[in-house]
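K.L.:
no sequence for this one, just the structure:
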């Protein structure tokens with residue numbers, strides 16, 4: 001074998017004098033060692049870092065370590081701070097040493113070119129720094145969807161029995177059959193949404209209680225908060241910002257991050273202008289029935305060339321990063337659900353305000369109710385959500401089912417001060433009650449509260465703030 005002269009000790013000389021297979025080996029070794037050094041730096045930075053202030057979220061996740069905990073949801077909804085809250089709990093209440101916890105954010109620019117093969121260097125770096133532990137190490141990996149093939153590495157770490165694992169990502173791929181197959185039932189998955197209204201007012205240091213309904217002063221404060229929440233949404237950073245212009249600026253930055261980093265970069269989109277037009281049109285169609293054919297026809301009228309297939313793909317991408325949601329009519333037949341028009345919703349009403357400051361309040365209210373129903377679905381996984389529409393055009397916004405049977409009917413109406421509006425909403429929900437053979441239906445309003453009995457059936461009009469706060473949960 002050709003040997004390097006003894007006086008040439010620099011790495012380039014070694015690389016150029018060794019056979020090709022050895023050059024590749026040495027090059028790979030040097031690269032891996034560089035990655036290990038980066039991981040060491042990140043681990044030490046983490047150990048020296050003071051944890052930020054966190055707020056308890058309503059979503060409670062399992063910290064027993066029996067399963068891989070997967071936390072997903074839209075960007076900036078609070079996934080990272082949820083992890084920090086879990087870590088604080090481990091340190092303060094379970095007395096876990098911080099050095100027994102690894103936290104790595106894969107959106108750190110120093111890990112921009114990381115591959116699944118490099119992940120081996122993470123645990124190697126940790127053990128070189130702190131030695132082998134008798135107890136399990138707590139492994140928190142943030143935004144790991146940036147590493148192709150991450151799920152197989154996570155499964156192997158879990159199967160080794162050495163780690164309690166928490167994973168986050170801003171991609172619905174985390175909910176896919178592919179991930180479920182890779183992790184083979186070893187995971188529990190949770191979806192994080194922007195602040196609920198309860199979390200929103202707690203972030204503003206207002207503590208709700210059961211006396212609010214009897215206090216005009218407290219009710220006025222609640223309605224003021226609710227109006228802000230309705231218009232600007234519940235992203236944590238936006239919620240804590242008081243200046244309206246800054247709220248819009250933050251929402252704009254969020255949209256750009258989702259648009260460029262989560263969609264264009266991830267899905268390698270070339271026609272950026274068409275994507276932007278498609279998503280803006282879709283956001284403008286929230287709380288309404290929607291179809292690809294509608295947007296395709298609209299684009300034709302304004303001279304935009306686009307195929308239905310491309311439009312459909314762009315909407316799917318927006319759904320995969322949790323920006324948009326589609327709601328199907330409720331039929332027991334899956335085939336019938338897929339064959340009919342769908343309704344479109346957005347993850348946060350602030351995104352609608354970002355593009356249109358003069359939106360009908362009724363549409364915003366309906367969107368809030370839908371996202372809140374999704375939150376409650378996280379608590380009770382057996383429920384499902386659809387909408388109802390009959391051949392005469394009567395429509396009820398939400399049909400809530402559990403175990404295959406209809407449990408609740410919910411209609412949304414911002415104002416029913418006009419008698420014709422009130423009668424229309426009553427007739428619609430009565431039609432659905434007859435169809436599903438239910439004795440009670442709910443109409444969620446801005447601030448109107450009443451109860452009406454009609455032919456042995458009951459309609460309850462509930463103010464939005466009361467429904468969002470859910471009196472049963474109040475102290």
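P.N.:
Good, I have the coordinates. Bear in mind that the values here come from a model prediction, so they are computed numbers and not experimental data. Residues are numbered from 1 along each chain as shown.
K.L.:
Who are the contact partners of the residue nearest the centre of the chain?
P.N.:
Nearest residue to the geometric centre of the chain (C-alpha atoms, centre = their mean): residue 73, 2.0 Å. Taking C-beta atoms under 8 Å, 6 or more residues apart in numbering, we find residue 73 in contact with 79, 170, 191-193, 322. For glycine as for every other residue, the C-beta is placed from the backbone atoms N, C-alpha and C.
K.L.:
One more: residue 427?
P.N.:
residue 394.
K.L.:
Compare the contacts of residue 73 and tell me which is most surrounded.
P.N.:
In terms of neighbours by other C-beta atoms under 10 Å, the contacts of residue 73 top out with residue 170 at 27 neighbours.
K.L.:
Leaving out the residues flanking it, which one is nearest to that residue?
P.N.:
residue 75 (4.6 Å; C-beta to C-beta, 6 or more residues apart in numbering).
K.L.:
Check which helix or strand the one you found maps to.
P.N.:
Secondary structure assignment for residue 75, by DSSP states H and E: no helix or strand.
K.L.:
what does residue 132 give?
P.N.:
Using DSSP H and E, residue 132 falls outside every helix and strand.
K.L.:
sorry, back to before: across the sheet, point out what pairs with the residue nearest to the centre of the chain.
P.N.:
residue 192 (DSSP bridges).
K.L.:
From residue 230, how far off is the closest residue to residue 287 other than its chain neighbours?
P.N.:
Excluding the flanking residues, the one nearest residue 287 by C-beta to C-beta, 6+ apart is residue 363, at 4.0 Å. Between residue 363 and residue 230 the computed distance is 10 Å (C-beta to C-beta, to the nearest Å).
K.L.:
Compare neighbour counts for those two and give me the winner.
P.N.:
residue 230 (22 against 18).
K.L.:
if we can go back for a sec, wait, the residue nearest to residue 287 sits on residue 286?
P.N.:
Yes - Residue 363 is in contact with residue 286 according to C-beta atoms under 8 Å; the separation is 6.5 Å.
K.L.:
and the gap between residue 306 and residue 76?
P.N.:
29 Å.
K.L.:
Repeat that for residue 90.
P.N.:
24 Å.
K.L.:
same thing with residue 427?
P.N.:
41 Å.
K.L.:
same check, this time on residue 278
P.N.:
With C-beta to C-beta as the criterion, residue 278 and residue 76 are 22 Å apart.
K.L.:
before we move on, what about residue 441?
P.N.:
36 Å.
K.L.:
When those two are compared, which one has more neighbours?
P.N.:
residue 441 (24 against 20).
K.L.:
next structured bit after the host helix or strand of the more buried one?
P.N.:
Applying DSSP H and E as the criterion places residue 441 in strand 440-445. The helix or strand immediately downstream of strand 440-445 is strand 450-454, counting by DSSP H and E.
K.L.:
Pull up the pairing partners for that next one, direction included.
P.N.:
Short version: by DSSP bridges, strand 450-454 pairs with strand 457-463 (antiparallel).
K.L.:
residues making contact with the strand it pairs with?
P.N.:
Contacts for strand 457-463 (C-beta under 8 Å, 6+ apart): 416, 426, 429-430, 433, 438-453.
K.L.:
Likewise for stretch 37-55?
P.N.:
Contacts of stretch 37-55 (C-beta under 8 Å, 6+ apart): 81, 84-85, 87-88, 91, 98-99, 101-104, 108, 110-111, 121-122, 124-126, 128-129, 199, 202-203.
K.L.:
Counting only strands, which of those residues make the cut?
P.N.:
Applying DSSP state E to the contacts of stretch 37-55, the entries found in strands are 101-104.
K.L.:
could I get those residues as JSON lines with neighbour count?
P.N.:
Shown next, in JSON lines, are those (neighbours: other C-beta atoms under 10 Å):
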{"residue": "101", "neighbour count": "20"}
{"residue": "102", "neighbour count": "22"}
{"residue": "103", "neighbour count": "22"}
{"residue": "104", "neighbour count": "20"}
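K.L.:
Mind picking the lowest-pLDDT entry from the contacts of residue 73?
P.N.:
Of all the contacts of residue 73, residue 170 carries the smallest pLDDT score, 86.
K.L.:
what separates that residue from residue 73, distance-wise?
P.N.:
Separation of residue 170 from residue 73 (C-beta to C-beta): 7 Å.
K.L.:
okay, and the common contacts of those two?
P.N.:
79, 322.
K.L.:
Quick one: the strands in the protein, in order.
P.N.:
Applying DSSP E to the chain gives strands spanning 68-73, 101-105, 137-142, 163-169, 187-192, 288-290, 324-327, 342-346, 383-389, 395-402, 405-412, 440-445, 450-454, 457-463.
K.L.:
Quick check: which helices or strands does the shortest one pack against?
P.N.:
Going back to what we said before, that points to strand 288-290. strand 342-346 (3 or more C-beta pairs under 8 Å, 6 or more residues apart in numbering; DSSP states H and E).
K.L.:
which residues touch the strand it packs on?
P.N.:
282-283, 285-291, 323-329, 352, 367, 370-371, 387.
K.L.:
So how do I select the buried members of the residues you listed in ChimeraX?
P.N.:
Applying 16 or more other C-beta atoms under 10 Å to those, the buried members can be selected in ChimeraX as follows:
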select :282,283,285,286,287,289,290,323,324,325,327,328,329,352,367,370,371,387
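K.L.:
Please name every helix or strand in contact with the strand holding residue 441.
P.N.:
So strand 440-445, by 3+ C-beta pairs under 8 Å, 6+ apart, packs with strand 405-412, helix 419-436, strand 457-463, helix 464-469.
K.L.:
at 10 Å what do you get?
P.N.:
helix 361-379, strand 395-402, strand 405-412, helix 419-436, strand 450-454, strand 457-463, helix 464-469 (3 or more C-beta pairs under 10 Å, 6 or more residues apart in numbering; DSSP states H and E).
K.L.:
Next, format those as CSV and append mean pLDDT and distance to residue 271.
P.N.:
Formatted as CSV, those follow (pLDDT from 0 to 100; distance: least, C-beta to C-beta, whole Å):
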stretch, mean pLDDT, distance to residue 271
helix 361-379, 95, 28
strand 395-402, 94, 34
strand 405-412, 95, 36
helix 419-436, 95, 40
strand 450-454, 96, 51
strand 457-463, 96, 45
helix 464-469, 96, 39
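K.L.:
so which of these gets nearest residue 64?
P.N.:
Nearest to residue 64, of all the helices and strands packed on strand 440-445, is helix 361-379, at 18.1 Å by C-beta to C-beta.
K.L.:
can you give me how far the closest one is from the chain middle?
P.N.:
13 Å (C-alpha atoms, centre = their mean, to the nearest Å).
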